[in-house]
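Chemist: with the sequence up front, the predicted model follows.
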Amino acid sequence: MLKGRNRKGSSSERIFLEGPRSRILELWFSVKVLWQFIRGFRVLHFVGPCVAIFGSARVKEDSEYYKDARKMGRGLAGLGFTVITGGGPGIMEAANRGAMEAGGYSVGCNIRLPKEQHPNPYMNKWFVCHYFFVRKVLMFKYSNAFVIMPGGIGTLDEFFEALTLIQTHKIIDFPVIIFGKEYWEPLMPLFHQLLAEHMIGAEDMKYVLFTDSIEEALDHIKHLALEKYAEGRKKAFHKLALLGE
């Protein structure tokens, strides 16, 4: 029943997901989504080839997970990649912070939520989305690789979305790093079962690396994404003063 629900946050998205509405309302929602995409394209168009880092917003600064994400951000900046995160606190903040400390470019694709949604202070540029699906599309569009740090349901969502797009060949040669073997170990029996039952193929996991090593993760990304990065640098996109760029 609606009475018991928390009406904070994006009420328009919640109502949209409750079924059909009038055609005018559906059209208006579509226009707002289109505007979100256009704004996202404008913010992220010139940030360069990115690697996205995902992880929990609830991780504190003294955590080993935070320290690892900070090192990962530094390492990716050292390879020449822009680090993109969800723009929030915790692991996202650590990754953005590491990239900025290394002199790299640091950006975020934030989301409006009742909690844990405020942008962290370690970003050169960020964009605030109203809709999760817009945020997800933008982060996939501008990323050459994903790093999955310890996190919760949202982090798992991004991980399995990446696997789905790899399996269906919507993205090609896309490295996915699962960082933290002990943390993510419960996933391993599931993947063994999926392989044993032929629900997935070995090629679907070809670009996925489970590791505890920052160096191994960076080498994996360098090996699989550096060519894409080089190609991206060759694209000559010119800023247009007319658009305020």
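Modeler: Great, that's in hand.

Chemist: so who does Ala77 touch?
Modeler: Under the criterion of CB atoms under 8 Å, 6 or more residues apart in numbering, the contact list for Ala77 reads 83, 98-100, 102-106. For glycine as for every other residue, the C-beta is placed from the backbone atoms N, C-alpha and C.

Chemist: out of the residues you listed, which comes closest to Phe133?
Modeler: Ranked by distance to Phe133 (CB to CB), these are led by Val83 at 22.4 Å.

Chemist: pretty sure the closest one is in a helix, no?
Modeler: No. According to DSSP: H, G, I helix; E, B strand; the rest coil, Val83 belongs to no helix; its state is strand.

Chemist: how about it, what does it touch?
Modeler: Residues in contact with Val83 (CB under 8 Å, 6+ apart) are 50-51, 53, 73, 76-77, 95-96, 98-99, 104-107.

Chemist: repeat that for His118.
Modeler: So His118 contacts 88-89, 110 (CB under 8 Å, 6+ apart).

Chemist: restricted to strands, list the contacts of Ala77.
Modeler: Members of these lying in strands (criterion: DSSP state E): 83, 106.

Chemist: I'd like the contacts of Ala77 laid out as CSV, including pLDDT and distance to Glu185.
Modeler: Shown next, in CSV, are these (pLDDT from 0 to 100; distance: CB to CB, whole Å):
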residue, pLDDT, distance to Glu185
Val83, 97, 26
Gly98, 98, 25
Ala99, 98, 28
Met100, 97, 32
Ala102, 97, 30
Gly103, 96, 35
Gly104, 97, 31
Tyr105, 96, 33
Ser106, 97, 30
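
Chemist: ok, and the most crowded of the contacts of Ala77?
Modeler: Of those, Val83 is surrounded by the most neighbours, 33 neighbours in total, counting by other CB atoms under 10 Å.

Chemist: kindly provide the distance from that one to Gly48.
Modeler: Distance of Val83 to Gly48, computed by CB to CB, to the nearest Å: 11 Å.

Chemist: what of Tyr66?
Modeler: Counting by CB to CB - Tyr66 and Gly48 are separated by 25 Å.

Chemist: of these two, which one has the most company?
Modeler: More crowded of Tyr66 and Gly48, by other CB under 10 Å: Tyr66, with 23 against 17.

Chemist: could you find the closest non-adjacent residue to the more buried one?
Modeler: Using CB to CB, 6 or more residues apart in numbering and skipping the chain neighbours, the partner closest in space to Tyr66 is Ala94 (4.5 Å).

Chemist: got a list of what Trp126 touches?
Modeler: By CB under 8 Å, 6+ apart, the contact set of Trp126 is 43, 87, 107-110, 119.

Chemist: can you give me the neighbour number for Ile24?
Modeler: Quick note: Ile24 (other CB under 10 Å) scores 8 neighbours.

Chemist: Three-state assignment for Val128, please.
Modeler: Under three-state DSSP, the three-state class of Val128 is strand.

Chemist: same list, the contacts of Ala77, but as a markdown table with distance to Phe146 please.
Modeler: Formatted as a markdown table, the contacts of Ala77 follow (distance: CB to CB, whole Å):
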| residue | distance to Phe146 |
| --- | --- |
| Val83 | 12 |
| Gly98 | 16 |
| Ala99 | 15 |
| Met100 | 20 |
| Ala102 | 20 |
| Gly103 | 23 |
| Gly104 | 17 |
| Tyr105 | 18 |
| Ser106 | 16 |
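
Chemist: circling back: so which of the contacts of His118 belong to helices?
Modeler: Judged by DSSP state H, helices contain none of the contacts of His118.
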